[in-house]
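Novice: Got a sequence here, can you model it:
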Amino acid sequence: MEQHERVVIVANRTPAAKSAGGLATGLLDALKEKPSLWFGWSGELREDDCNSVQLFSLERLTVAAIHLAREAHNRYYNGFANGVLWPAFHHRLDLMSFNEHDYAGYLEVNQHMAEQLQPLLRPNDLIWVHDYHLLPFAGMCRALGVTQRMGFFLHIPFPVPSVAQAIPRIDELLDAMCANDLLGFQTEDDRRAFVTLCRERRPQKPVPNTGVYPIGVDPHALQKEAEGEPQVQLWPNDSIQGILSVDRLDYSKGLPERFKAYALLLEDHEELRGNVQLVQIAPPSRTDVPAYVDLRHQLTSLTGEILGRHATLDWQPLIYVEQQYERTALMPLYRQARVGLVTPLRDGMNLVAKEFVAAQDPQDPGVLVLSRFAGAASQLDGALLVNPHDPGEMAEAMRIALTMPLQERIARYQRMWSVLCASTIDGWRNRYLHDLRKVREQRRPAVPFSVSELMRRTSETAELAVAKAH
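Specialist: Residues are numbered from 1 along each chain as shown. Next up, the predicted model:
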């Protein structure tokens, strides 16, 4: 009896049994409807038992979770994925820190995950791999004999070729990525950058199928959440117009630039003093990485400067909160804000921008101020688009947003609401999987290199580097 198709999600993390965020939010409900598998790291660090797979069920979804040893995870996740790929893909080569030992660890974890997944696969599985943690994963799987259709989706931006060529071992990573049948990107700029790099760096080899799949949200569900009772009334006094920003504490989000632009707004527009307040929610991440420690100190300093210069006994111009809040708590807060300030220096999509729009009261919507360098800017033409490197432009956009007439606010909101409804999270998932299914069976990429040879060569180089260091 022929087995039915099963979607297999491969990601850095597996969803928890009772709660999930990020990628899982958009996929879990659909995956529970039909037999499917989610494979990834459990989130637990163990020095033993790393070769076992924990299985548990969420309705018709089977979750397969593996454990990682602390050192392996540190080299794979902190060392190469977030010490090299994350800054480079966000055009911050100055923050990139490469060493052979970490790169070997990155390859080893990808190889380990491929080996643990292979026995769980069925002939008709459709494998969907997610994000920069797993760039070489397809190459590892093909070397093990995996022939099922396999696709990859990059959630963060792909760097332009002039930047990407500065990433150590980029050719090896490209070859492994090209073992996928379909590579998906958030924007056309990202897709074009990848294809151009492949043609420049590997001109004799075919480029696999690529596509643009901007990730969306469930606008009606978010709208309903936003209508709920808020945990706090941020601006109970109508005389205060609220500006709200929600970001993970990361150098790619442009927080210092945002604070400086807000300070300029207060300097240049005395009439706004006492009548406006910026609330910045920025839960910390990667707190042991020096670049993030420096960012936190910088924001603390800027907050003190703004408060020291402008605060009065009855008015606080800026509230800076380093706390994590669930989406259900954030949605009513978005609805209260007159302005949503989303100004990353570079971002794959930025779903906060879409969540802010979905949360608005259709009869009295707020205004979205959005960075031109967020993927969402290519879709949300009702936003005020800004250059996050230009404090004067950002300050002026905030002023325009705070004083925008109701009729214009409604017109802009309606355009963006239509986009959200036409490009939902369900549509994103279905369109990608539809295109992956269309990949012809005979289009099976040859393994572009010997994984065992690559692993051996990298390990030897890493061992040599360690020996020299001592």
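
Novice: which residues of the stretch 51-200 of the chain fall in helices?
Specialist: Assigned by DSSP state H, counting those that start in this stretch, the helices in the stretch 51-200 of the chain fall at 70-73, 86-89, 100-117, 137-143, 161-164, 170-177, 188-201.

Novice: Pull the number of nearby residues for Glu227.
Specialist: 12 (other C-beta atoms under 10 Å). For the C-beta atoms, the positions are set from N, CA and C on the backbone; glycine is no exception.

Novice: and if you look at Lys260?
Specialist: So Lys260, with other C-beta under 10 Å, has 17 neighbours.

Novice: need the contact list for it.
Specialist: For Lys260, the contacting residues are Leu302, Pro391, by C-beta atoms under 8 Å, 6 or more residues apart in numbering.

Novice: ok but it is inside a helix, no?
Specialist: Yes. Under DSSP: H, G, I helix; E, B strand; the rest coil, Lys260 falls within a helix.

Novice: For Ser285, see how far away it is.
Specialist: According to C-beta to C-beta, to the nearest Å, Lys260 and Ser285 sit 22 Å apart.

Novice: Pro206 now?
Specialist: Separation of Pro206 from Ser285 (C-beta to C-beta): 38 Å.

Novice: ok, now Gly139?
Specialist: Distance, Gly139 to Ser285, by C-beta to C-beta: 29 Å.

Novice: These two: who's more crowded?
Specialist: Gly139 (29 against 12).

Novice: Nearest residue to the more buried one in space, please, no chain neighbours.
Specialist: Among residues not flanking Gly139 along the chain, Ala176 sits closest, at 3.1 Å (C-beta to C-beta, 6 or more residues apart in numbering).

Novice: The one you found is in contact with Pro136, isn't it?
Specialist: Yes. Using C-beta atoms under 8 Å, Ala176 is in contact with Pro136, at 3.8 Å.

Novice: And the two? Which one has more around it.
Specialist: Remark: of Ala176 and Pro136, Ala176 carries more neighbours, 28 against 24, as counted by other C-beta under 10 Å.

Novice: got the contact list for Asp314?
Specialist: Here Asp314 is in contact with Gly274 (criterion: C-beta under 8 Å, 6+ apart).

Novice: cool, Ala69 as well?
Specialist: Per C-beta under 8 Å, 6+ apart, neighbours of Ala69: Leu45, Arg46, Glu47, Cys50.

Novice: mind checking how far the first one is from Thr187?
Specialist: Spelled out, it's Leu45. In terms of C-beta to C-beta, Leu45 sits 35 Å off from Thr187.

Novice: Comparing the helices of the stretch 51-200 of the chain, which comes out most buried?
Specialist: helix 137-143 (a mean of 26; mean count of other C-beta atoms under 10 Å).
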